[in-house]
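Participant: task: produce atomic coordinates for the following.
(chains A, B and C)
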Amino acid sequence: MNKLHFKVGLFAAASLLLAGAFVVYLLHARGFFEDTFHLQLAASSADGVAPGVPIVFSGIEIGRVTALGLNDDGGIVIHAEFLGRNAKWLKQDSTFTLDKPLVGGARIRVDSPDLGAPALPDHSTMLLLTSDISKEIPLLVERVKAILANVEHLTRKDGEINATLANVKTVTGRMTGEYGVLEGVLGSPEKARAVTDSLDKTRALIGKLDSLALKVDGMAGKTDQWLFAPDGVAEHTRESLAQVRLMLNDAQSSLKQADALMTNAVAISANLKDGTQDIARLRAEIDDAVRKANALVNEINRKWPFARDPEVKLP
Amino acid sequence: MARVAPDLPLRANLSALDNIALIPLYQRHYSAAESNRQAEQLLAQLGHADIAPLRDPDMTPAQRFIAKLARALILGRPRLVIDRPGAMLYDVPYPDFIRQLAAQQEMAGTWEIYDFSWNQALYNQALHPE
Amino acid sequence: MNFLAASIESLGAKVAGWFSVGYGMFAFLAQAGSLLLERATWNRATFDVVVKQVYFTAVQILHVFLGYALVISWLIISIILSTARDFGLTEFASEMTIRVLVLELLPFLTALFIALRSGSAINTEVALMQVNNELDALAHCKVPPMQFEFLPRLIGGVISVVTLASLAGLLALLMGYLAIYGMNTAGFAPFTQTIAKIFDFKIMAGLLAKCALFGLAVTLIPVTAGLETPKKLFMVPVSVLRGMMRVFFAIVAIEVVSLALKYV
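Facilitator: A predicted model of the protein is given here:
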């Protein structure tokens, strides 16, 4: 009986001790023992901000939004609270940015470029900036345009590729050789493989562009759901998407053209020595175009992270 | 009135001592040590101090009867009724057994035995040995 | 027509039965609660029985229980972490583990554990006491069975479930920390932040209330089911069966209600 009492006593004491320690830890975690640091953020729109939205510094949550309100001028004032120990990350030159990722809730990002700057006083008011992914689309469109211009330049009617291929065509017109002749023409099996390699690359790229175009199509319908921006922005976004799509189609057709010509070239490849030089250059150019277009595709994929494609990294 | 009866069993998962000590503990709010002391004393008086740690299933009928009797006695009521002792003490000549217990000590109050009339002969024998 | 009337009648009998069971349970609970307020209940003897009950319900199985909590926590944490990594949601993993394990799964499993081990034992014992007339004997000796037998069981059950669930929860927190941040103190600040985010006063009070209700369910229901047993030995298994079914339904109901209150 005595031993039983001892065991129960030990159990009770240990449990109470642990529970007490946990409660103290919890109070510490919730900032019961420290001062609270208050901050007001002025914003033009409270879209996506609600009490409880975290404020993160370098990806770590340091505070939360406690309340939203309007000031006398109709502007939005967001009240936020920080624990005393986290207030040191807030400097006078800190910027506050509202992040609305396409996956997950909104968050307010704090960037303090100079940690040596004077600290922000309690109850100060800062400006809240908005970084909306939909606003980056016009920039992206510019880049798409530039790259596609490059591709187009390579494959234009009177361009180098076409000229080269025309050249090849004429010389091969006289040719009656079979497919196997290609090796003989080019001088070595390596060169022959190089040509077929670039063909394969072109085809893969076209496939990619195809699927991307489909994706953009599907997205355009959903724009309204994921872009909660005001009308102007949404409209603009939709236009941008349509633009991107047009350009992708363009790129696709250009590359298809190149593909067709290449196929042709291989099928009837000439046994003339001059052709070899031209084909080597053609290969270099196509490789370059493929690389550029590939980069473009990746860029677009990165910007539209909500695609179902499992390879895509979420931001 | 306190009863010792077959239909009032001991608490099966308590020892004889605990069964008896329960009563001062709960009715008179003695401490556990004091209650145990009273129960031990009573068992010793009845000559069966050795059954204190036993539980109901481990006792012989006579030991079980002693435990029940002690539990009834510690209630301290003026009348003690022993109901059908034959059902509880089936392996001893019980009229003798009870008479010895009753005679063993200065008992307060009266003991009454209720039994079937056909067992009358047993009592006669115990009261008049010859 | 006859068939319809008969089925309606049987339904009515069932509903009436449920009501009487529920009424009996709550009446018993009310009686126990009112006894708690009386000074006479708070004596050394009741305390001793509570201690004994806590020993048998919690201390005796502590090592087994903690081992089992360890294994379950480790498994669940690994599953959540690896899934979260696959989907790139690592930042939500620690919160998810704590919510799933500490707030929901571990209290529930603790209640089931205690119900299976102690609840069934209590049910059997009370049923046997009822069948063997031991309760009548206690009543004859003017030892109140409520204070001597039942109330300590209820208190012991509540204490045991609350304590075991908290211990298992603390263990799971520790395991979660180790699994996410490893054997160093680097993750302490973000982990503290997560804990501060999850455990506000409402959640803590809710968790405590839920564990206490679990503790009450796994002891009160077996006791009342045992007391309902007719005085026939062969009815004891039936009584245990019924009691355990009710305990199971009660545990699930408490869990569902708590989830609904928290997330709906």
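Participant: when you work out contacts or count neighbours from here on, use the C-alpha atoms and nothing else.
Facilitator: Fine.
Participant: who touches the residue lying closest to residue A:119 once chain neighbours are set aside in this structure?
Facilitator: Closest residue to residue A:119 apart from its sequence neighbours, by CA to CA, 6 or more residues apart in numbering or on different chains: residue A:91 at 4.4 Å. By CA atoms under 8 Å, 6 or more residues apart in numbering or on different chains, the contact set of residue A:91 is A:112, A:114, A:115, A:117, A:118, A:119, A:120.
Participant: just the pLDDT for residue A:91.
Facilitator: If you check residue A:91, the pLDDT there is 84.
Participant: and the one 4 residues further on, by the same measure?
Facilitator: According to the per-residue confidence, residue A:95 scores 83 in pLDDT.
Participant: likewise for the one 4 residues further on?
Facilitator: In the predicted model, residue A:99 carries a pLDDT score of 80.
Participant: what strand or helix carries the residue in chain C positioned nearest to chain A?
Facilitator: Residue of chain C nearest chain A, by CA to the nearest CA: residue C:196 (4.9 Å). Per DSSP states H and E: residue C:196 is located in helix C:188-198.
Participant: and if you look at residue A:153?
Facilitator: helix A:137-155.
Participant: how much space between the most centrally placed residue in chain B and chain C?
Facilitator: Nearest to the mean C-alpha position of chain B, counting by CA atoms, centre = their mean, stands residue B:69 at 1.3 Å. Noted for residue B:69: a distance of 12 Å to chain C, by CA to the nearest CA, to the nearest Å.
Participant: leaving out chain neighbours, which residue sits closest to that residue?
Facilitator: Residue B:69 sits nearest to residue B:4 (CA to CA, 6+ apart), 6.1 Å away.
Participant: the least confident helix or strand in chain B by mean pLDDT: which residues count as buried?
Facilitator: When the helices and strands of chain B are scored by mean pLDDT, DSSP states H and E, helix B:120-127 comes last with a mean of 77. Going by neighbour count (16 or more other CA atoms under 10 Å in any protein chain shown), the buried part of helix B:120-127 is B:123, B:126.
Participant: and the furthest pair within the contacts of residue A:91?
Facilitator: Pairwise distances across these (CA to CA) peak at 12.4 Å, for the pair A:114 and A:120.
Participant: these two - which one has more neighbours?
Facilitator: When residue A:114 is set against residue A:120 and neighbours are counted by other CA atoms under 10 Å in any protein chain shown, the residue ahead is residue A:120, at 19 against 12.
Participant: mind listing what the residue nearest to residue B:69 touches?
Facilitator: Counted by CA under 8 Å, 6+ apart, residue B:4 has contacts B:68, B:69, B:72, B:80, B:81, B:82, B:83.
Participant: skipping adjacent residues, who's closest to residue A:100 in space?
Facilitator: residue A:106 (4.6 Å).
Participant: that neighbour contacts residue A:130, doesn't it?
Facilitator: No. Here residue A:106 lies out of contact with residue A:130, judged by CA atoms under 8 Å, at a distance of 10.9 Å.
Participant: strand partners (parallel or antiparallel) of the helix or strand containing residue B:80?
Facilitator: Residue B:80 belongs to strand B:79-83 when assigned by DSSP H and E. The pairing partners recorded for strand B:79-83 under DSSP bridges are strand B:2-4 (parallel), strand B:110-114 (parallel).
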